[in-house]
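Chemist: No sequence on hand, only this structure:
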Ligand SMILES: NC(=O)c1ccc[n+]([C@@H]2O[C@H](COP(=O)([O-])OP(=O)(O)OC[C@H]3O[C@@H](n4cnc5c(N)ncnc54)[C@H](OP(=O)(O)O)[C@@H]3O)[C@@H](O)[C@H]2O)c1
């Protein structure tokens, strides 16, 4: 197979990290982008070329993308931006577009989201709609927009809630069935496309996880994995969630976008545009995620709290 260089943005994040590790494990040349040499070190130790810079820096990106066979683009969630969140996303999109033009990259796998077909009313997904539009305007560049559903990793915010309140809770409705996906399955789909970049034109691939779950069902599964068979789920009012996000350091702008996202999911506006098929169904079940990821995070945080209490 023809070898080449692959460029991964967000390489220390949920999805980028697994793509980078997968390509490196297959002996590929990989450039990994992040803001910290320290955080990129584990990938450098596996053979990646670490590039430290910001995703709104078009010149840095163009240099990083030089001679790339395929690139993975994503717009990081930045919870502290005080400017309009869509404008923040717009600056990164602008840099990607300029860098792709200047570097001559021909194949892009772009991390978008379910709901990106809608221009308004979807919180942070509005910026991903913009990114699709902008990348689609690039002539001669082949792009696949991956549109994954709700990440199972979002459920990790329940760790603290369960520790502190004894119940699982968020602004999501308890009874709405939502497809949920493990980010490693998004990474697998992205890596597969990048390694065989024969895709042409502009395409969209929805990724829907193994099946749909309500928060009631999800909470039962998580509860079982942490030895709390009777764990229950409580829907928290939007304003209370907004205040909690602000108290955790989230900017007003981002908190408002997140509430709009909860509303649009609860009201069923963010949903697949097509039927569930073998192609858009991915393998990791919530039961597996609960055992492999949620339970260790819950037990780790319980251990940390215990350590704090002991050392105080
Ligand atoms: N959560 C969901 O349910 C969901 C569903 C569909 C789509 N999405 C989309 O998925 C994306 C998030 O993906 P993810 O969870 O894989 O990412 P993530 O874990 O949040 O990682 C973000 C990455 O971006 C890097 N980064 C942050 N700011 C940067 C900057 N200015 N310049 C360069 N690098 C920067 C971070 O690295 P350093 O900190 O090391 O620099 C990190 O590697 C978002 O676009 C989100 O809208 C999310």
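Modeler: Good, I have the coordinates. It should be emphasised that the depicted structure is a prediction, and the values quoted were computed from it without experimental measurement. Numbering: from 1, shown residues only.

Chemist: For the residue of the chain found nearest the ligand, give me its contacts.
Modeler: Relative to the ligand, the nearest point of the chain is residue 13 (2.1 Å; CB to the nearest ligand atom). Backbone N, C-alpha and C define where each C-beta goes, glycine included. Neighbouring residues of residue 13 by CB atoms under 8 Å, 6 or more residues apart in numbering: 74, 76.

Chemist: Please compute how far stretch 61-80 lies from its chain's middle.
Modeler: Taking CA atoms, centre = their mean, to the nearest Å, one finds the center of stretch 61-80 at 14 Å from the center of the full chain.

Chemist: now the end-to-end length of that stretch.
Modeler: 23 Å (CA to CA, to the nearest Å).

Chemist: who in the chain is up against the ligand?
Modeler: When proximity is defined as CB under 6 Å from any ligand atom, the chain approaches the ligand at 10-16, 33-36, 39, 54-55, 74-78, 111, 113, 124, 128, 148, 150-151, 154, 183.

Chemist: now the helices for the stretch 1-150 of the chain?
Modeler: In chain order, the stretch 1-150 of the chain shows helices spanning 14-25, 37-44, 58-65, 85-103, 125-136, with DSSP state H, counting those that start in this stretch as the criterion.

Chemist: Reformat the ones you listed as a markdown table; add mean pLDDT and distance to residue 6.
Modeler: Shown next, in a markdown table, are the helices of the stretch 1-150 of the chain (pLDDT from 0 to 100; distance: least, CB to CB, whole Å):
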| stretch | mean pLDDT | distance to residue 6 |
| --- | --- | --- |
| helix 14-25 | 98 | 5 |
| helix 37-44 | 98 | 12 |
| helix 58-65 | 98 | 10 |
| helix 85-103 | 98 | 13 |
| helix 125-136 | 98 | 18 |
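
Chemist: May I see the ChimeraX selection of the buried members of the residues of the chain next to the ligand?
Modeler: Here is the ChimeraX command that selects the buried residues among the residues of the chain next to the ligand (16 or more other CB atoms under 10 Å):
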select :10,11,12,13,14,15,16,33,34,39,55,74,75,76,111,113,124,128,148,150,151,183
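
Chemist: Let's see which of the residues of the chain next to the ligand end up in strands.
Modeler: Of those, the ones assigned to strands by DSSP state E are 33-34, 111, 148, 150-151.

Chemist: returning to that earlier point: single out the most deeply packed of the helices of the stretch 1-150 of the chain.
Modeler: helix 14-25 (a mean of 22; mean count of other CB atoms under 10 Å).

Chemist: Tell me how far that one lies from the chain's centre.
Modeler: Using CA atoms, centre = their mean, the offset of helix 14-25 from its chain centre is 13 Å.

Chemist: neighbouring contacts of it?
Modeler: Contacts of helix 14-25 (CB under 8 Å, 6+ apart): 6, 8-11, 30, 32, 43, 46-48, 72, 74, 111, 151, 153, 183-184, 186-188, 190-191, 194-195.

Chemist: out of the residues you listed, which are buried?
Modeler: 6, 8-11, 30, 32, 43, 48, 72, 74, 111, 151, 153, 183-184, 186-188, 190-191, 194-195.

Chemist: Please give me every residue in contact with the closest residue to residue 127 other than its chain neighbours.
Modeler: Nearest non-adjacent residue to residue 127, counting by CB to CB, 6 or more residues apart in numbering: residue 89, 2.9 Å away. Residue 89 is in contact with 75, 124, 126-128, 130-131, counting by CB under 8 Å, 6+ apart.

Chemist: Reformat the residues you listed as a markdown table; add distance to residue 164.
Modeler: Shown next, in a markdown table, are those (distance: CB to CB, whole Å):
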| residue | distance to residue 164 |
| --- | --- |
| 75 | 31 |
| 124 | 26 |
| 126 | 32 |
| 127 | 31 |
| 128 | 32 |
| 130 | 37 |
| 131 | 36 |
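
Chemist: Of these, which is the nearest to residue 233?
Modeler: When the contacts of residue 89 are ranked by distance to residue 233 (CB to CB), residue 124 comes first, at 23.5 Å.

Chemist: That'll do, ta.
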